[in-house]
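Participant: Sequence plus predicted model, see below.
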Amino acid sequence: MIRMDDLQKKEGFNLNHLVIVKNDLISFEKTLEEQRNLLFEDMFQVENKNKNLIFDIGWYGETENLEGNFILHLIQDYNWDSPLMKLITKDLYVLEFYIESTMNFMKK
């Protein structure tokens, strides 16, 4: 099982066949308002090269007034036009659940 603590690693970290490519995730212990300057499109990306899977997370929308959402994509074979999964949320608790669930799916 992958825990959020595992995701605090730096880029290049290999975790059960998953390689962290980009890791600028925000804290789940602070509010979005406290972290609005850390919200951008390219926040987090993990690859499973054995399965040709990419898990990508970004913030899409305005940061000034927090009019936007986190969008999570699960991509296979670099087909960004037709993701296996696309999840959208603004809630940090839901975001954490989506991340843990997707990461555990990817490592199977």
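Facilitator: All right, it came through fine.
Participant: what sits against the residue nearest the centre of the chain?
Facilitator: Compute the mean C-alpha point of the chain, and by CA atoms, centre = their mean the closest residue is Ile57, 3.5 Å away. Taking CB atoms under 8 Å, 6 or more residues apart in numbering, we find Ile57 in contact with 25, 43-45, 70-73, 95, 99. Bear in mind the C-beta positions are built from the backbone N, C-alpha and C, glycine included.
Participant: correct me, but Tyr60 touches Glu41?
Facilitator: Yes: using CB atoms under 8 Å, Tyr60 is in contact with Glu41, at 6.4 Å.
Participant: Which positions within the helix or strand that contains Leu95 qualify as buried?
Facilitator: Using DSSP states H and E, the element containing Leu95 is helix 92-107. By neighbour count with 16 or more other CB atoms under 10 Å, helix 92-107 contains the buried residues 92, 95, 98-100, 102-103, 106-107.
Participant: which secondary structure elements does it contact?
Facilitator: Contact here means 3 or more CB pairs under 8 Å, 6 or more residues apart in numbering; DSSP states H and E; on that basis helix 92-107 packs against strand 18-23, strand 44-48, strand 53-61, strand 68-76, strand 85-89.
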